[in-house]
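Colleague: Here you go, sequence then predicted model.
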Amino acid sequence: MVAKIQLMLFAMLLLLGSQAVAATDCFPFIGEKYKFTVGWEFVNAGYAEIEVKKKGDNGYHVYNFARTNGFIDLFKRVRDTLISEGVCLDGKMQSTLFSTDQLERDYRAKKYVRYLYEENKVEFTKNGKTTMFDVPKGHLNVIDAFYLTRMNPPSKDQPLSIPVFDSEKKYDVTVRLLKHERLKAPWGKWVDCLVIQPELKTEGVFTSVGVIKIWLSNDARRIPLKITAKLKIGRIVVRLTEYSKA
C-alpha cells in the first residue's frame, strides 16, 4: 500500500527537450530514509520502509518494501518490493522505471514499467508478457508523482493535476488540499500539517481503490507523517516512526 500510499500523487506538465541536470536540482530527496508502521483499524498489521539514493549523474532510485506481521500473515501475507527510478530533464522529473514484486498470500506478480520518454512510449511487462502503450513524455509513476507533490503542494483554491501511467492506465491524478491539522511527529513535537487527498484510479499495494489522505509537515521538507486509506472493510493507517536524511 505504501506504493500508492506513499503512495501517491502528483503534478507536471509535458516535458520538452532532454537537457540533463543534477538530480538534486529537481529531486531534493536523495539520502532520505523512512520507516512506517502499517495498521488495519486498531490492529498492527505490518511495516514499510523507504530509501532514496542517487543513480548516475542525474538520476534517482527509490526503494520501497512493505510486509505484514506474523498475526496478519495468517489472513493475508504480504511481501511487496517496489522500485521507482527517474531522471531530471530540463530541471523536471521524468520517470524511467517502476517495478513491483508482489507476494500477497497466493498471489504473486512481477511487473516492470519502462518509460521510454524519448519515443513517447511505455513498455509494460507482467510475468514475462510485454505490452507497449502510447504515453507522452512527462508522465510519472505514482511514487514520483508523490515526490513532485511534496515539492509543489496544492493550495485550497488550486488543486494539482499530474499525468501518470500506472497499472496499464494513463490518466491525470488530481491532488486536493483538504485542510491544515496539527499532528505529533516521531521526534516528539507537534507540527502543522497539510492534509491532502489524491484521487487515484488504480489499485495500490495492500489496498484497493478508496479514499486516501496524506498528512505532510507544513515546512520546507514536507515529510509524510501519516497516510490513511479507506477500504471496503475498515481502514489502513500508516504512521511515520523514523526519518533521516544523509
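Modeller: That came through fine. Numbers count the residues shown, from 1 in each chain.
Colleague: Helices along the chain, start to end?
Modeller: 23-26, 70-73, 142-151 (DSSP state H).
Colleague: Which of the residues in the last one are classified as buried?
Modeller: Put plainly, it is helix 142-151. Going by neighbour count (16 or more other CB atoms under 10 Å), the buried part of helix 142-151 is 142-150. Bear in mind the C-beta positions are built from the backbone N, C-alpha and C, glycine included.
Colleague: Including distance to residue 237 and pLDDT, could these go into JSON lines?
Modeller: Formatted as JSON lines, the buried residues of helix 142-151 follow (distance: CB to CB, whole Å; pLDDT from 0 to 100):
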{"residue": "142", "distance to residue 237": "19", "pLDDT": "90"}
{"residue": "143", "distance to residue 237": "20", "pLDDT": "92"}
{"residue": "144", "distance to residue 237": "24", "pLDDT": "94"}
{"residue": "145", "distance to residue 237": "22", "pLDDT": "93"}
{"residue": "146", "distance to residue 237": "17", "pLDDT": "93"}
{"residue": "147", "distance to residue 237": "22", "pLDDT": "94"}
{"residue": "148", "distance to residue 237": "24", "pLDDT": "94"}
{"residue": "149", "distance to residue 237": "20", "pLDDT": "94"}
{"residue": "150", "distance to residue 237": "20", "pLDDT": "94"}
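Colleague: What is the nearest of the residues you listed to residue 59?
Modeller: The nearest member of the buried residues of helix 142-151 to residue 59, counting by CB to CB, is residue 144 at 11.6 Å.
Colleague: List the residues that contact the closest one.
Modeller: 62, 84, 86, 93, 95 (CB atoms under 8 Å, 6 or more residues apart in numbering).
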